[in-house]
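Participant: compute the structure for the input listed below.
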Amino acid sequence: ILFGQPTGSITIQKQNKQNYIKSKNIAIDIGNSSQNYTIKNSDIISTTNDGINGGKATNLTIQNCEINSSNANGIYITKINNNLSITDLNITDSKYENIYIGVVGKLYIYDSILENGTYGIYLKNGYNGGEIKNNIIKNQSVKGLKLFNTQIWRGYQVKNNCFENGNNKNVLSRDRNGYF
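Facilitator: Below you'll find the model as predicted:
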């Protein structure tokens, strides 16, 4: 699904049954449009690229989805201007990151299971705080959570997460004042 440049908010949702989206390319590409997006109740599978890929959305909500992207990232977002909310996901078997976030205003990642990737969550830059809470992050080959920049992440709280990634593979933060 490619959205290009829509003029309003977009919701992908199925009330009683799961959406099933399978693609050889990016399964859901929100492009570079500055809109509001909601993706709910979907099984998203990409066999050669990202499950969900986005350039710059105003707000993005991803809720209650199963994502499998065996040759790329589960979710790859370069920029969200305001809020990014990721809740109740099961992301498995990503070749790279289960979740990669380049730049985000406020970030919320709750109640998700992230397994079998290079990084569970790779957060490059953020600037308005947020929370990473009640997640299970396991079987990552490099790190479960990587907070790339130092001072930018000081407004974030990382709490009540379970990391099962082996010796010295759980969290990497360059900020010694981080709250975990």
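
Participant: three-state assignment of the residue nearest in space to the middle of the chain?
Facilitator: Residue closest to the mean C-alpha point of the chain, counted by C-alpha atoms, centre = their mean, is residue 99 at 3.5 Å. Assigned with DSSP: H, G, I helix; E, B strand; the rest coil, residue 99 falls in the strand class.

Participant: which stretches of the protein aren't confidently modelled?
Facilitator: Scanning the chain for pLDDT under 70 picks out the ranges 1-19, 33-34, 126-127, 149-154, 173-180.

Participant: measure the residue nearest to the centre of the chain to residue 167 for me?
Facilitator: Computed as C-beta to C-beta, to the nearest Å, the residue 99 to residue 167 distance reads 23 Å. (Glycine included, C-beta is placed from N, CA and C.)

Participant: each with direction, which strands does the host helix or strand of residue 60 pair with?
Facilitator: Assigned by DSSP states H and E, residue 60 belongs to strand 59-63. The pairing partners recorded for strand 59-63 under DSSP bridges are strand 36-40 (parallel), strand 75-87 (parallel).

Participant: for residue 163, find the nearest of these.
Facilitator: When the strands paired with strand 59-63 are compared by C-beta to C-beta, strand 75-87 sits nearest residue 163, at 17.1 Å.

Participant: mind listing what's buried in the next helix or strand after that closest one?
Facilitator: With elements assigned by DSSP H and E, the helix or strand that comes after strand 75-87 is strand 90-92. Across strand 90-92, burial judged by 16 or more other C-beta atoms under 10 Å covers 90, 91, 92.

Participant: what's in contact with strand 90-92?
Facilitator: Residues from elsewhere that reach strand 90-92 (C-beta atoms under 8 Å, 6 or more residues apart in numbering): 51, 65-68, 74-75, 98-99, 112-117.
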